[in-house]
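Q: for reference, the sequence and a predicted model appear below.
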Amino acid sequence: MREISAGAAAGATAWTPEMVVFASRAAALNLPFVPLIALGRNGTQAVPPEAVRRGNIALGADGTVYIAPAADKTAAIAAWVARHPAPARRLRVTAPSEIRRALIAAGAARFADLAVSGLYRRFPDLSARRVIRPRQLFALAIIAAAAALALMSDPLGAATKIGFVATLFFLTVSALRFAAANAVGGRGLPSPAVDPPIPDDQLPVYTVLVPLYREAAVVRSVVAALRRIDWPSELLDIKLVLEEDDTETRAAVERHLPGPPFEAIVVPRAGPRTKPKALAFAQLFSRGEFVTVYDAEDDPHPRQLREAFARFRADPELACVQAPLLTDNPDPSWIARLFAIEYSALFDGLLPLLARLNLPLPLGGTSNHFRRSTLDAIGGWDPFNVTEDADIGLRLARGGYRVGMITLPTYEEAPVRFGAWMRQRTRWFKGWMQTCLVHTRQPIRLCSDLGLKRTLSFIAIQLGMIISAMLHPVFLGLLIAVAADPALMAPRGGGPLTSWLFIIGLANLLAGYSAMTALAGRTLPLRGLSRIEPALIGLPVYWLLMSVATYRAFFQLLFRPHYWAKTTHFGFPNGSARPYRRRRGRRGARAAESFGLSQAEGAAAEAG
């Protein structure tokens, strides 16, 4: 970390140049100031994460003691230095962030082991380190064998029975979507829980974790977005989490890192290369009472942290809140438009309904806010689960914790290209499969933790998404086949299909398409996105692509269970506001108000 000149400090406003502050304290103590330190191999490797978080003292291999004196401790340290001039010669002053960096580097291997194996050691049955247990494999083999024998002995009868079972999942998911559409109604979005504003002197330290891997192109824009957060800088703890061998992103962070409250955390090459592993590592050194996660391309509403904290303060039993995710690029391609529709239906429709019913919430991978104490109690993120959001939402539910929704959103990029979308969706389905396998290892205990209603909700939503995606091509193929040759509808013995099988397929598809269309029709206007509603005509093709992603996920689960398919982000490298937010005219003003902007902020956004 470079030393900052006094002249540079004079020009700084929002972000205090940490090095200048501690250089001045060193001068007041008549001690040397060192902007960069290297501890070497010594007892420092036994320092616990709690000491790293404090960042006030470290011991070098040569006996040098590095301190970062707090303002209220300076007088006492000065008195000690005056009384003990000989040992004081070993003292050096540096900044807290530099002590934290050096301590993490010195104990990297041990901290990496804590991050990779911490959950597995505490709760081995809840870790995806071993994706499937022998008894689960045996049970699945029995089911598959029974289905295969039934299909060989009585193909039509077995197919009809399988269709009826699948219908339970299809129609349950469709019913939830219809219920969510009805719940949205005409009420629109609720008002953000930030009025009246909480005084700054009542706010706690808030940690923001931002995992970055091969994201050099968007470092500048994500730093700009995070600098717009409305929270006292001295109470922010923003950690940009980097991979050890990602030299390009690390170089970009060094160029654009503005100093406190920003810090860079370098994750050693150990264990799986996954986002939850990086989060688990950074969480060891997080200093906030509350923690949130943003992705590299995210642009959160500036007051989102304030709304989240207001909800936490108003409800002490609330463990986590999820902010809605919006896409800021829904226009470039049809797949981006359908992705935006999907997000609208999920974050403004389905998830708020689940939260109101106190059912397990499959969290989004970003913009979820946690109480730090709760996150630690459930073991944090699972480094081996590639949809850590769905898993941690279920572990919160199993621990008896409640999850809620807030209203102020986060903008992020929708995949524009088919390949990027397919890689991302394959990873999501693989993670949902992991989550289902992990949490159904002990069905009786799962039901005891969640209760019957919430267990059925988890099975219907998580397993329902997988089964629906896998069987969607089958039912769609039935309809196409009957449309091409109506004689296939003949009764059993007169044709290759029974009328019941056709009716099942038709009912499932009509219910699924209708429910999604109804939910999108209610949620899209809330965010000013009605113009992309015609893209729903492509829903059957979109769901067929999901089926492809599901089968790809199944084979990846068998051969590469912990492989993390990277989603490339493009962002806006100049750090400007997102173009989609610069809407013109009355519709833009209404849309601005809909996600919690004041009229003045809406006018500023329209002015660009």
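A: Yep, it's here. Numbers count the residues shown, from 1 in each chain.
Q: is it true that Asp245 lies in a strand?
A: No: Asp245: not assigned to a strand; according to DSSP: H, G, I helix; E, B strand; the rest coil it is coil.
Q: burial measure for it, as a count.
A: Using other Cβ atoms under 10 Å, Asp245 has 12 neighbouring residues. Bear in mind the C-beta positions are built from the backbone N, C-alpha and C, glycine included.
Q: for it, which residues are in contact?
A: Arg269 (Cβ atoms under 8 Å, 6 or more residues apart in numbering).
Q: what does Leu408 give?
A: Counting by Cβ under 8 Å, 6+ apart, Leu408 has contacts Pro192, Val194, Pro300, His301, Arg303, Gln304, Glu307, Ala323, Phe595, Gly596.
Q: for Arg228, same thing?
A: Counting by Cβ under 8 Å, 6+ apart, Arg228 has contacts Pro302.
Q: now swap in Val222 and tell me
A: Contacts of Val222 (Cβ under 8 Å, 6+ apart): Val210, Leu212, Glu215, Leu240, Tyr294, Ala296, Glu297, Asp298, Gly571.
Q: just the element for Tyr411, please.
A: strand 410-412 (DSSP states H and E).
Q: Val291 now?
A: strand 290-293.
Q: what does that strand rub up against?
A: Against strand 290-293 from outside (Cβ under 8 Å, 6+ apart): 204, 206-211, 279, 283, 305, 308-309, 312, 365-372, 375.
Q: swap in 6 Å and give it another go.
A: By Cβ atoms under 6 Å, 6 or more residues apart in numbering, the surrounding residues in contact with strand 290-293 are Tyr206, Thr207, Val208, Leu209, Thr366, His369, Phe370, Arg372.
Q: can you give me the distance of the last one to Gly380?
A: Applying Cβ to Cβ, to the nearest Å, one obtains 10 Å for the distance of Arg372 from Gly380.
Q: okay, those two: which has more neighbours?
A: Shown here are Arg372 and Gly380; by other Cβ under 10 Å, Gly380 has more neighbours (24 against 18).
Q: SS state for the more buried one?
A: Applying three-state DSSP: Gly380 is coil.
Q: per-residue confidence for it?
A: On pLDDT, Gly380 comes in at 96.
Q: this protein: strands as residue ranges?
A: For the chain, the strands defined by DSSP state E occupy 57-59, 65-67, 91-93, 206-212, 236-243, 262-267, 290-293, 299-300, 318-322, 325-327, 368-371, 402-405, 410-412.
Q: I'd like those strands as TSV, with mean pLDDT and mean neighbour count appended.
A: TSV is the format used below for the strands of the chain (pLDDT from 0 to 100; neighbours: other Cβ atoms under 10 Å):
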stretch	mean pLDDT	mean neighbour count
strand 57-59	90	20
strand 65-67	93	19
strand 91-93	93	19
strand 206-212	97	25
strand 236-243	96	23
strand 262-267	95	22
strand 290-293	98	26
strand 299-300	96	24
strand 318-322	97	24
strand 325-327	93	24
strand 368-371	97	23
strand 402-405	95	20
strand 410-412	94	23
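Q: any idea how far Ala175 is from Ala515?
A: For Ala515, the distance to Ala175 - Cβ to Cβ - is 8 Å.
Q: next: Phe554.
A: With Cβ to Cβ as the criterion, Phe554 and Ala175 are 26 Å apart.
Q: swap in Tyr206?
A: Distance from Tyr206 to Ala175, by Cβ to Cβ: 38 Å.
Q: with Gly288 instead?
A: 39 Å.
Q: got it, and Pro362?
A: Counting by Cβ to Cβ - Pro362 and Ala175 are separated by 17 Å.
Q: okay, those two: which has more neighbours?
A: Pro362 (23 against 13).
Q: so who does the residue nearest to the more buried one when sequence neighbours are not counted touch?
A: Spatially, and ignoring its direct neighbours in sequence, Pro362 is nearest to Ala390 (4.4 Å; Cβ to Cβ, 6 or more residues apart in numbering). By Cβ under 6 Å, 6+ apart, the residues touching Ala390 are Pro362, Trp432, Thr435.
Q: out of the residues you listed, the closest to Leu478 would be?
A: Within those, the smallest distance to Leu478 is 25.2 Å, found for Trp432 (Cβ to Cβ).
Q: pLDDT score assigned to Ile461?
A: Value for Ile461, per-residue pLDDT: 89.
Q: let's have the strands of the chain in CSV, adding distance to Ala355.
A: Formatted as CSV, those follow (distance: least, Cβ to Cβ, whole Å):
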stretch, distance to Ala355
strand 57-59, 43
strand 65-67, 46
strand 91-93, 48
strand 206-212, 22
strand 236-243, 27
strand 262-267, 31
strand 290-293, 17
strand 299-300, 19
strand 318-322, 8
strand 325-327, 15
strand 368-371, 12
strand 402-405, 5
strand 410-412, 17
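Q: out of those, flag the one nearest Ala179.
A: Comparing those by Cβ to Cβ, strand 402-405 comes nearest, at 15.6 Å.
Q: low-confidence ranges, the stretch 251-400 of the chain, go.
A: By pLDDT under 70, the stretch 251-400 of the chain has no low-scoring segment.
Q: find the nearest non-adjacent residue to the residue nearest the centre of the chain, please.
A: With distances taken as Cα atoms, centre = their mean, the residue of the chain nearest its centroid is Gly365 (2.0 Å). Nearest non-adjacent residue to Gly365, counting by Cβ to Cβ, 6+ apart: Asp389, 4.4 Å away.
Q: ok, now Arg54?
A: Pro96 (7.8 Å).
Q: hmm, that neighbour is touching Gly55, no?
A: Yes: assessed by Cβ atoms under 6 Å, Pro96 is found in contact with Gly55 at 3.5 Å.
Q: let me see the domain layout of this structure.
A: 6-106, 114-189+302-576 (automatic domain parsing).
Q: pick out the shakiest of these, pLDDT-wise.
A: Taking the mean pLDDT of the domains of the chain, domain 6-106 comes last: a mean of 82.
Q: contacting residues around Ile341?
A: Taking Cβ under 6 Å, 6+ apart as the test, what Ile341 contacts is Ala520.
Q: give the contact list for Ala46.
A: Applying Cβ under 6 Å, 6+ apart, no residues qualify as near Ala46.
Q: now it: how far from Arg214?
A: Counting by Cβ to Cβ, the gap from Ala46 to Arg214 is 33 Å.
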